[in-house]
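Undergrad: Could you work out the structure for the sequence below:
(chains A and B)
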Amino acid sequence: MIAFLSDFTIQNVVVGAMLLGIISGVLGSFAVLRKQSLLGDTLSHAALPGICIGFLVAGSRSLPFLLGGALLTGAAAALVVLMLGRTTRLKTDASLGIALSVFFALGIVLLTMIQSTGNAAQGGLESFLFGQAAAILRSDLYVMGAITALAVILVGLLWKEFKLVTFDPQFAATLGLPVLALDVLLTTMIALAVVVGLQMVGVVLMAAMIIAPAVAARQWTDRLGTMVGLAAFFGMAAGVFGALVSATARGLATGPLIVIAISVLVLASLLLAPQRGIVWEALRQYENRKHLRARQVLSTLYRLAAEHNDPAYRAEQGMIDAYHGFGTHAALKRLEDRALVTQTRHAPETTAHWKLTQAGIAAAQADRTENGEDHA
Amino acid sequence: MLEAFFDSPDAMIMLTGALVGIAASLVGTFLVLRGAAMLSDAISHSIVFGIIIVWLLTGQASGPLQIIGAALTGLLTAALTEFLVSTRKVKSDAAIGLVFPLLFSIGVLLINIYARNVHIDQHTVLLGEIGFVWLDTMELGGLLIPEAVIWTGTMALLNLAFITLFYKELKLSTFDPALARALGFMPGLLAYATMGLLSGTAVAAFDSVGAILFIAFVIVPPAAAYLLTDRLWLMLVIGCAIAIASAIAGYWLAVLLNASIGGMMALMTGGFFTLALLAGPRYGILAQWLRRKRRRGENACRTLAVHLYNHEGEANASEENVAAALSEHLHWSPEQARQTLLKSLDDGLISRSGDLLVLTPKGRATAREVLEPWSQAPAN
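TA: Here you go, the predicted model:
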């Protein structure tokens, strides 16, 4: 295990995955909260032509050039989306789709043109499609690390502003904040996150790394700070898992493994997160339903007693069932446990009958007062 | 003659591209109008999952089973997305972005594990290889026809039939879903049917143009058509025309530049979209700019008329109502003053009397229209 972890490649991969997790978790949180989840998808696809242009300019697979190109075309795609939204009547998703597909098509065309020139240095450009963690070099890590540090520092410095623009852009504008500039800055930084993820997960699946950690983190907390931290943590965990599996089992692409890991985290969060978890919610609903039924039955008994002018009125169970349209036995049992009703007989009939206890009458009255339907 | 046509690789490649384009943009029109365009992104990725599952079960990499499998995968994607949204924990755009990467990832990993070096690989799925469609042929009515042409043609016909049969229903449920539901047209069911057809088209297309370039054919031609017309049927026709033109132009450009044919076809849709965006007769940027410029000129003429009207017959009229005063009093640049003056003279709003500018009756009416709109007689 120690030997495994001290392996040079493995170290690179783990550090790269951690960097990716941090930056995509932090910036993805803002994207998801601002309902711009699919922008990440467009930006990541739009990075492909940039990578090719970077390669053509540098003449080799030099990471700073590739990433610079990716950032450039990503930003251009974001601009196109913004411009289409402002000058045409197309809906946002159509603008996103147009930018995504046309930029990606340009990327494919450039990629095939580079490949057809037979340049030996082009090997590995295709790994940007699905990611290949094992191909990460130590020098690549410095670039990725610098970008991540820059993004995290920027978010830290502009925390208050980003928070306000995310949750209440109108208010931010009335305070005189440069909303458009902050918008552009956040979008550009998402492009930065995409750029860091290119080698790990590739352009196609980068969208998931923007969205999924943030959605998972959202389930656990209502505080932005906690959410951003958790998202970074989830992103790191999934990244390290996927990268390690892919680096050890040959032939499995890194990106899909990371995406599956993060999807499992999302599913677990959706189901099990305290408060918002679907499982807890279903349990709460079940409890509430049982409670509500008991209250309904209690109220029915009370009204029957009031109607007959007899506090000790004995109601037949079948009749109570008929009133409610569902089996009331369980509800009556619960009320009996709380000593609000007691089971009695009503000779000569042999079926079960129920009457209110003193406490039951008091509880039913309290309930009615609370609901504002006092005995009018 | 017909045989020669089906024997020619060039013709077959362009025909496949055009058929994919027609099938995709027919369905895409309704997605674009409904604001659900990114669903095509989701579906074109997640059908990879369906394709590999059907391949593992039956060993068939194309054909009717694949199309049915893909239709089911498309429905699965839509259903999962809707389920996530219905939990109210996730917004709809994030839900789309969660579902398709997962299905796509599982698909790619299954390919990695089971199908290495077989007909299906992750590149074919993503990028397609339209250049080889003429290799796999099938005999139909005594002619050897490429399989890709048959399947994409089938999907194009299916989509066309669906849209023709349910044109009224689709139109209503696209533009007024509430009314459609109230009238019992079941817009939900129609949406699922559209989704199924879209997935089927995607799988028929994936061999040739690949999953992602398929999105271009679904979204871009209808979006371009939307910028050119307000009529639904015309939008469908223009969308198809752009798709066909993109397929043909893309093929020749790709051959010329030795680049990916599918990529170039998709890029050409972008080219046509840019054209529509710039030069569209009504919503184009150029038309908008011209309209704005013309309106600015008209407004300037009105301003001039009002200015002259205000000072007409006053003591300082000889000071105010002269060409030289315009740039100072109305804050116009000399060039703008000159242009406005010329246009007003042309339109017969003013006339010259020595140095003095005099309103014609038409010019006076224009000024009064601005200053005293209530004094105008009602139009009828």
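Undergrad: Up against chain B, what does the stretch 151-300 of chain A have?
TA: A:204-205, A:207-208, A:210-212, A:214-215, A:218-219, A:251-253, A:255-257, A:259-260, A:263, A:266, A:270, A:276, A:278 (CB under 8 Å from any CB of the partner chain). In this view, the C-beta of every residue, glycine as well, is placed from N, C-alpha and C.
Undergrad: Now the buried members of the residues you listed.
TA: Among those, those classed as buried by 16 or more other CB atoms under 10 Å in any protein chain shown are A:204-205, A:207-208, A:210-212, A:214-215, A:218-219, A:252-253, A:255-257, A:259-260, A:263, A:266, A:270, A:276, A:278.
Undergrad: Next step: those restricted to helices.
TA: Judged by DSSP state H, the subset of these located in helices is A:204-205, A:207-208, A:210-212, A:214-215, A:218-219, A:255-257, A:259-260, A:263, A:266, A:270, A:278.
Undergrad: any idea of the pLDDT on B:Ile212?
TA: B:Ile212 carries a pLDDT score of 67 in this model.
Undergrad: could you give me the average pLDDT of stretch B:113-128?
TA: Per-residue scores along stretch B:113-128 average to 61.
Undergrad: whoops, I mixed them up, stretch B:298-315
TA: On average, stretch B:298-315 scores 84.
Undergrad: can you pull the buried residues of that stretch?
TA: B:300-309, B:311-312.
Undergrad: Relative to A:Asn371, which of those is nearest.
TA: B:Arg302 (66.3 Å; CB to CB).
Undergrad: Enumerate every residue touching residue 266.
TA: If you meant another chain, say so; for now it's chain A. A:Val266 is in contact with A:212, A:215-216, B:98, counting by CB atoms under 8 Å, 6 or more residues apart in numbering or on different chains.
Undergrad: let's do chain B instead
TA: Neighbours of B:Ala266 in contact, by CB under 8 Å, 6+ apart: A:101-102, A:104-105, A:108, B:209, B:213, B:216-217, B:220, B:246, B:250.
Undergrad: Would you mind giving those residues as CSV with distance to A:Leu186 and secondary structure added?
TA: Conversion of the contacts of B:Ala266 to CSV gives the following (distance: CB to CB, whole Å; DSSP: H, G, I helix; E, B strand; the rest coil):
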residue, distance to A:Leu186, secondary structure
A:Ser101, 24, helix
A:Val102, 23, helix
A:Phe104, 23, helix
A:Ala105, 27, helix
A:Ile108, 29, helix
B:Val209, 34, coil
B:Leu213, 30, helix
B:Ala216, 27, helix
B:Phe217, 32, helix
B:Val220, 27, helix
B:Ser246, 34, helix
B:Gly250, 35, helix
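Undergrad: contacting residues around the residue positioned nearest the centre of chain A?
TA: Among the residues of chain A, A:Val215 comes closest to the average C-alpha position under CA atoms, centre = their mean, at 1.1 Å. Going by CB under 8 Å, 6+ apart, A:Val215 touches A:32, A:266, A:269, B:89-90, B:94, B:98.
Undergrad: So which of the residues you listed sits lowest on pLDDT?
TA: B:Lys89 (82).
Undergrad: picking that back up, looking at the contacts of B:Ala266, which one is closest to A:His291?
TA: A:Ser101 (52.8 Å).
Undergrad: per-residue confidence for that closest one?
TA: Looking at A:Ser101, its pLDDT stands at 91.
Undergrad: For it, list the residues it contacts.
TA: A:Ser101 touches A:45, B:212-213, B:215-216, B:219-220, B:266, B:269-270, counting by CB under 8 Å, 6+ apart.
Undergrad: Most neighbours among those residues, please name it.
TA: Highest neighbour count within those, by other CB atoms under 10 Å in any protein chain shown: B:Val220, with 36 neighbours.
Undergrad: give me the number of residues near the residue nearest to A:Met209 when sequence neighbours are not counted?
TA: Excluding its sequence neighbours, the residue lying closest to A:Met209 (CB to CB, 6 or more residues apart in numbering or on different chains) is A:Ser24, at 4.3 Å. The tally of other residues near A:Ser24 (other CB under 10 Å) stands at 38.
Undergrad: Hmm, A:Ser24 is touching A:Ile211, no?
TA: No: in this structure, A:Ser24 is not within contact of A:Ile211 by CB atoms under 8 Å, at 9.2 Å.
Undergrad: what's near enough to touch A:Leu137?
TA: A:12, A:63 are the contacts of A:Leu137 under CB under 8 Å, 6+ apart.
Undergrad: what's the spacing between it and A:Ser24?
TA: 21 Å (CB to CB, to the nearest Å).
Undergrad: Would you verify that B:Leu357 is located in a helix?
TA: No: counting by DSSP: H, G, I helix; E, B strand; the rest coil, B:Leu357 falls outside a helix, being strand.
Undergrad: That one bridge partners, please.
TA: B:Arg352 (DSSP bridges).
Undergrad: which residue sits closest to residue 220, ignoring its sequence neighbours?
TA: Because you didn't say which chain, this covers chain A. A:Ala273 (4.8 Å).
Undergrad: hm, I was asking about chain B
TA: B:Thr269 (4.0 Å).
Undergrad: Just the pLDDT for the one you found.
TA: Taking B:Thr269 on its own, its pLDDT is 94.
Undergrad: residue contacts, it?
TA: A:101-102, A:105, B:21, B:216-217, B:220-221, B:224, B:242-243, B:246.
Undergrad: can I get those in JSON lines with distance to B:Met14?
TA: Below are those laid out as JSON lines (distance: CB to CB, whole Å):
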{"residue": "A:Ser101", "distance to B:Met14": "20"}
{"residue": "A:Val102", "distance to B:Met14": "20"}
{"residue": "A:Ala105", "distance to B:Met14": "17"}
{"residue": "B:Gly21", "distance to B:Met14": "10"}
{"residue": "B:Ala216", "distance to B:Met14": "16"}
{"residue": "B:Phe217", "distance to B:Met14": "14"}
{"residue": "B:Val220", "distance to B:Met14": "18"}
{"residue": "B:Pro221", "distance to B:Met14": "16"}
{"residue": "B:Ala224", "distance to B:Met14": "20"}
{"residue": "B:Ile242", "distance to B:Met14": "15"}
{"residue": "B:Ala243", "distance to B:Met14": "12"}
{"residue": "B:Ser246", "distance to B:Met14": "10"}
